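Colleague: Any chance you can model this:
(4 chains)
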There are 2 protein chains.
Amino acid sequence: MDLFVSKYLNKIDKKGRVSLPSSFRNVLPKANRNEIILYKSIKTPSIEGCGVGRLKEIAKRINNLDFFSEDYDDFSTSIFSEIITTNIDKEGRFLIPEELKLYAGIKTEAAFFGQGHYFQIWEPKKGLKNTEDSRRRLLKEKKSLRMMLTQQK
Amino acid sequence: MDLFVSKYLNKIDKKGRVSLPSSFRNVLPKANRNEIILYKSIKTPSIEGCGVGRLKEIAKRINNLDFFSEDYDDFSTSIFSEIITTNIDKEGRFLIPEELKLYAGIKTEAAFFGQGHYFQIWEPKKGLKNTEDSRRRLLKEKKSLRMMLTQQK
DNA sequence: TGGGATTATATGGGCGTCAATGGGTATGTT
DNA sequence: AACATACCCATTGACGCCCATATAATCCCA
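Modeller: Okay, the predicted model is just below:
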């Protein structure tokens, strides 16, 4: 599987280390399996992360915005200048930068949520609430969620 | 046959393992025959499952949404983080995650129901009742059932 | 075509490996 | 020296792999 899926709850130890879930590590390209990039989510108080390869994809998305719009500047500033690369140690753990922990309100535990081509890291309770809220929004449009899940090839 | 059909009743052993019915295993693509994805059914207290290929389809569809829209996040949260991948061992068994067992009320036995491109896993009694209910609903609309059964491809 | 032999499936259990976690120590930067 | 970070080693529990058995299905040949 080459997608970030499922959710995991991991502890942050005294040294600030936390394990990147094993299944997430396997999604990272073998070449750069000891490095991930992290940045503040634009829309939620959470941290987003992915392998270094994904950066290009993000760049492309931003490039598709209207170059002269305010959004363009806002997104490119918010994302590119805020990106942090982090190393993963031999045991599969990494350090969450202090600034990002503050932004997400993370203290002793980190909840990892697969999002396909990237993942999110939440303070556990906030993460749970976000899942519920987002599901509630979608169920208002039952049809579209069902379509997404059951549509035939 | 490349569809999930028929129904089966299998036991869950002490370790929590349960056999995926042989005919279901044969539906999985040879490439990823040792992995399935599971998620909570939207409409019923049951678990739905399928091969990973289907997930990639869904990923593609979500990826085509507007990257910066709220829908994009809602879909990817509700789908990717709720999906659980499970490995199938050499004997064709897999583990049903605790959270999903709770959701479906499954304890010692699991009833598998083929649904074409995917399958459902039910607590046996609930599954039986669901079958009866849905048949009853169909018969109420005989006309549509007849159409369904007689219509040629 | 009957009946034994072979194969497949569902199920049980032992055991090694890996993932998550904790802690000591070396190395390095300021 | 003081702090941060990476490497090494240890522990625990979960999971995957291997082997084994019973029942069911299939095959094969006289």
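Colleague: now the strands for chain A?
Modeller: A:7-11, A:17-19, A:35-40, A:47-50, A:84-87, A:93-95, A:109-114, A:119-122 (DSSP state E).
Colleague: In the first one, which residues are buried?
Modeller: Which is strand A:7-11. By 16 or more other CB atoms under 10 Å in any protein chain shown, the buried positions in strand A:7-11 come out as A:7-8, A:10. Every residue, glycine included, has its C-beta placed from N, CA and C.
Colleague: now swap in the last one and tell me
Modeller: By 16+ other CB under 10 Å, the buried positions in strand A:119-122 come out as A:119-122.
Colleague: Make a markdown table out of the residues you listed and add pLDDT and distance to B:Ile88.
Modeller: Listed next are these as a markdown table, based on pLDDT from 0 to 100; distance: CB to CB, whole Å:
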| residue | pLDDT | distance to B:Ile88 |
| --- | --- | --- |
| A:Phe119 | 96 | 24 |
| A:Gln120 | 97 | 28 |
| A:Ile121 | 98 | 29 |
| A:Trp122 | 98 | 30 |
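Colleague: Where is the longest helix in chain A?
Modeller: helix A:124-139 (DSSP state H).
Colleague: Can you tell me which residue of chain A sits closest to DNA strand D?
Modeller: Relative to DNA strand D, the nearest point of chain A is A:Asn87 (4.1 Å; CB to the nearest atom of the strand).
Colleague: That residue reaches A:Phe94, doesn't it?
Modeller: Yes. At 6.6 Å, A:Asn87 counts as touching A:Phe94 under the criterion of CB atoms under 8 Å.
Colleague: ok, back up a step: would you turn the strands of chain A into TSV with distance to B:Phe67?
Modeller: Listed next are the strands of chain A as TSV, based on distance: least, CB to CB, whole Å:
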stretch	distance to B:Phe67
strand A:7-11	22
strand A:17-19	27
strand A:35-40	14
strand A:47-50	12
strand A:84-87	21
strand A:93-95	26
strand A:109-114	17
strand A:119-122	15
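Colleague: any idea which of those strands is most buried?
Modeller: strand A:119-122 (a mean of 26; mean count of other CB atoms under 10 Å in any protein chain shown).
Colleague: May I see the buried residues of stretch A:118-131?
Modeller: Here stretch A:118-131 shows A:118-123, A:126-127, A:130-131 as buried, counting by 16+ other CB under 10 Å.
Colleague: Just the CA trace of it, in PDB.
Modeller: The C-alpha coordinates for stretch A:118-131 follow below in PDB (Å, rounded to 0.1, in the frame of the first residue of the first chain):
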ATOM      1  CA  TYR A 118      -0.200  12.900   3.300                       C
ATOM      2  CA  PHE A 119      -1.100  12.500   6.900                       C
ATOM      3  CA  GLN A 120      -2.100  14.700   9.800                       C
ATOM      4  CA  ILE A 121      -1.000  14.800  13.400                       C
ATOM      5  CA  TRP A 122      -3.500  15.900  16.000                       C
ATOM      6  CA  GLU A 123      -3.800  16.400  19.700                       C
ATOM      7  CA  PRO A 124      -5.900  13.200  20.400                       C
ATOM      8  CA  LYS A 125      -9.100  14.800  21.600                       C
ATOM      9  CA  LYS A 126      -9.100  17.500  19.000                       C
ATOM     10  CA  GLY A 127      -8.500  14.900  16.300                       C
ATOM     11  CA  LEU A 128     -11.400  12.800  17.400                       C
ATOM     12  CA  LYS A 129     -13.700  15.900  17.400                       C
ATOM     13  CA  ASN A 130     -12.500  16.800  13.900                       C
ATOM     14  CA  THR A 131     -13.300  13.300  12.600                       C
END
